[in-house]
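Engineer: Give the three-dimensional model of this entry:
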Amino acid sequence: MVAGVVAAPKLELANQDLIKSHIYSVWLARTGMQFGESMNQILDLEVEGYPLKGSIRTQLTLTQHQLDECLEAIQSILEDKFCTDDLKKVSWYSPDWLKFTLDHAIAAFDRACDRWRKLYSDGVSQLEKSRLIIDRSARGNSTQEERDKADAEQKEAQRQIDLLVGNLQTKNQTQFEFYPYRYFAAEGFLPGFNFPRLPVRAYIRTSPDSGEFISRPRSVALREFAPNNIVYYEGSKFMVTKTKIAVGGIENQYNRVSVCFNCGYFHPSDDRDICENCGVQIKPDTNGNIAKISRLLPMETAITQRRDRITCDEEERLKYGYNITTHYRYSDQKRKTAIVHTSSGQPFLRLTYSPTAHLWRINRGLKKNRDERGFKLDIKTGEWGDNTNNQSPENIHTEVHILVEDTSNILIIEPIGIEGDDSEGLITTLQYVLETAIQAVYKLEPDELDSERLGQGKYLLFWEAAEGGAGVLSQLLEQPDAFQKIADAALDICHFKEPLNNCVQACYECLLSYRNQFDHPLINRHLVKPWLEELVESSIVNEVEEASRNQQYQKLLEQTDPNSDFERLALGEIYQHGYKLPDAAQELIPEANCKPDFLYKEDKIAIFCDGSVHDSSEKKSRIKLSVMISNTTPIIKS
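Structural biologist: So this is what the prediction gives:
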């Protein structure tokens, strides 16, 4: 009745976050600690900052002998053949990294509690503020409206605190959002493949006296918990009306960034004019999206209010969805590049693979509101604004964008030679053809691989959306016949091997899905048929990989001043201690008219070593190695 072969599951065993969570689980088992049923059994809520309880910290502190046993146990786990093969391919893993991670496990455990601390601190702060207003009201110093609002906020704050510490008897403790084992799995400290890692939470006020926290994966929450969006919960409608504002004020929460719309690259500052990835000028895209964002707000806990009725205007606004853009930044690990050639030797696709790259997804506002970029935010109350709000203008920030950040294995595919009248339809169809075929060949679920077009269709970004990574994208460069298999599967998926009469341009049995419904008018399977036929006979040629750490070290040694032994001594110390190596040596900076001995381009750090003239005995005692950074703070001296 059942025939076929079960394919082995795909998992990236060299995923750094995945390895860390298993290290911490082994470490935690060695401590013998039991979390209990609530976070208040771990943190001291009577002390400012809510530190770990003394008894907990003592129990988590292992002796050196216990740490050595723990290290041995972890190494025996990682000696698995499949795990070892994957770890050999990455540059970050080493016995020293393993020992460092284990030695600092307590600090990592403490940091994992920070998001709970913030939620609890916000709840306590709201409770105290509402009580002050109630006390003033008792003295006749506030209006009835202020008193009613304070009463509601007091009940809401108390409910949130009860949810955080588990002071509820309505359900089993293990089902609560903040049950310790569940919480630490969601924070990524412990393995938890059934929980979204580092989710975004929303507080649903189900009634004046009660409410619940619900969590969503970050990529989902960027839309579902977006300002003024409608959330459906247990048969009722709730509107996202507020976000949590930090105690230090909103200015401390904003990120200021620049993004390149030519290639999609992300820059963690808003003062760049030239993209460091493709070298093109940074400027707005053709849809009016700004490239330099000064008010980029990471998504925090959302607050909702019940809405019994949704107006026609709101429904019309929301049905068009949000304007989401995706951006990436390569990790410090080495990247792999390759070219897919046709059977005639012509370059066809340019591939760039980067493990554990950083992904940023930015919500720039509703698609319907092309004239209004971003969202409006009341910086005092955290309320999201719209045209119907009567908020004080001096407290309103406009053009606020929201973002979520993730780490994933990514693959950038640049089709070579796509041009013509229907290039947009071709690149769009190629995107979904490749995505669907990769999922079919490597037995992935739709949630495990995602894609997006970048640079007005010049690049295709694919990333492994599964928790821990599927380890598939790297195989596309390692297996010589990878794209041959993908193309063959794509021809079958698109009904070219066995025609389907009722499929004209595309159908739900081939390329169409709920996820790509906005692109349905562009998808046409016939556009990509010649490309797929070329790919069936294609071959992959790997280009020179980015220099490994040792190769980079040797390259820098060759660039040093032959007359300066101290330069090589300083470089050797950086290399031996495992610090990040400079990007260049003896490179001229025209703007400053100087040539540092070593240069960190991305970090804007220039290192100047004293020259060979100082090698004389009378000057050796005065030798200094000073580092100049943009804020002029010395960080290395010897």
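
Engineer: and the residue nearest the centre of the chain, what is it in contact with?
Structural biologist: Taking Cα atoms, centre = their mean, the centroid of the chain lies closest to residue 406, which sits 1.2 Å from it. Contacts for residue 406 (Cβ atoms under 8 Å, 6 or more residues apart in numbering) come out as 218-219, 358-359, 361. All C-beta spots, glycine's among them, are computed from the backbone N, C-alpha and C.

Engineer: so which of those residues comes closest to residue 554?
Structural biologist: When those are compared for distance to residue 554 (Cβ to Cβ), residue 358 wins out at 28.2 Å.

Engineer: hang on, the closest one in a strand?
Structural biologist: Yes: counting by DSSP: H, G, I helix; E, B strand; the rest coil, residue 358 is part of a strand.

Engineer: Check the gap between it and residue 407 for me.
Structural biologist: Noted for residue 358: a distance of 6 Å to residue 407, by Cβ to Cβ, to the nearest Å.

Engineer: which residues are in contact with both of those two?
Structural biologist: Common neighbours of residue 358 and residue 407 (Cβ under 8 Å, 6+ apart) are residue 331.

Engineer: tell me the helices in the stretch 201-350 of the chain, going along the chain?
Structural biologist: Per DSSP state H, counting those that start in this stretch, the stretch 201-350 of the chain carries helices over the ranges 218-224, 312-319.

Engineer: re earlier: can you add distance to residue 444, neighbour count and pLDDT and give the contacts of residue 406 back as JSON lines?
Structural biologist: Output for those, formatted as JSON lines (distance: Cβ to Cβ, whole Å; neighbours: other Cβ atoms under 10 Å; pLDDT from 0 to 100):
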{"residue": "218", "distance to residue 444": "20", "neighbour count": "21", "pLDDT": "88"}
{"residue": "219", "distance to residue 444": "16", "neighbour count": "19", "pLDDT": "86"}
{"residue": "358", "distance to residue 444": "22", "neighbour count": "17", "pLDDT": "90"}
{"residue": "359", "distance to residue 444": "18", "neighbour count": "22", "pLDDT": "91"}
{"residue": "361", "distance to residue 444": "20", "neighbour count": "19", "pLDDT": "94"}
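
Engineer: Neighbours of residue 354, how many?
Structural biologist: Applying other Cβ atoms under 10 Å, we find 24 residues neighbouring residue 354.

Engineer: Quick check: what element follows the helix or strand containing it along the chain?
Structural biologist: Per DSSP states H and E, residue 354 falls inside strand 347-366. Downstream of strand 347-366, the next assigned helix or strand under DSSP H and E is strand 375-378.

Engineer: Need the contact partners of the longest helix along the chain.
Structural biologist: Determined from DSSP state H, the single longest helix within the chain is helix 114-138. Contacting residues not belonging to helix 114-138 are listed as 39, 43, 45, 49-50, 142, 144, 146-147, 149-151, 153-154, 156-158, 160-161, 164-165, 178, 183, 187, 201, 244, 246-247, 301 [Cβ under 8 Å, 6+ apart].

Engineer: Of those, grab the buried ones for PyMOL.
Structural biologist: Selection of buried members from the contacts of helix 114-138 for PyMOL, criterion 16 or more other Cβ atoms under 10 Å:
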select buried, resi 39+43+45+50+142+147+150+153+154+156+157+158+160+161+164+165+178+183+187+201+244+301
